[in-house]
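J.: Let's see this in three dimensions:
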Amino acid sequence: MDIYLFVLIFCGVLGLLVVLYAVHFRYRAQVMGPARLRDALSRTVAGDEEASEEELAYGLSQLFGRLGRGILLDKVLLLLLLALILVFTFTSILPQLALILSALCLLLLSALISLMLLRDTLRYLERHLEQGRSS
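T.: Just a heads-up that it's a prediction; the model follows:
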């Protein structure tokens, strides 16, 4: 049972580090400011720092789409694992496997939180682009 607890604690700590990295990334993105984020998006979309507003909007919509699909996939996997854990726990078969799956749930949960933080950063950039269009 000791190795299973170690795996659970290890995955918990690793998940915490992933979330902390996402929080740091979000903080750095806000410190950089919307102009530098716009330039980074422009380099990603067009390869240079002068992309049109339509290209930026399209690139941002593509990022939102990919992020949304990633969040959806993460949620589905998390729910499937939680259902499997409940089955293993209530039937009392393979409790060690339920503990390992709980560790995987911690990693998926931390990935979900990180993706949601990244989505907030994209929303911050989207607000800036909309303000730039209306000005």
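J.: What is the helix or strand E130 falls within packed up against?
T.: When elements are assigned from DSSP states H and E, E130 belongs to helix 95-134. Helices and strands touching helix 95-134, by 3 or more Cβ pairs under 8 Å, 6 or more residues apart in numbering; DSSP states H and E, are helix 2-32, helix 34-46, helix 53-91. The C-beta positions use only the backbone N, C-alpha and C, and glycine is treated the same way.
J.: ok, G12 touching L106?
T.: Yes: with contact defined as Cβ atoms under 8 Å, G12 counts as touching L106 (5.1 Å).
J.: Neighbour count for the two, which is higher?
T.: Set G12 next to L106 and count neighbours by other Cβ atoms under 10 Å: L106 wins out with 20 against 16.
J.: hang on, the earlier thing: can the helices and strands packed on helix 95-134 go into a markdown table with extra columns for mean pLDDT?
T.: Output for the helices and strands packed on helix 95-134, formatted as a markdown table (pLDDT from 0 to 100):
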| stretch | mean pLDDT |
| --- | --- |
| helix 2-32 | 93 |
| helix 34-46 | 84 |
| helix 53-91 | 92 |
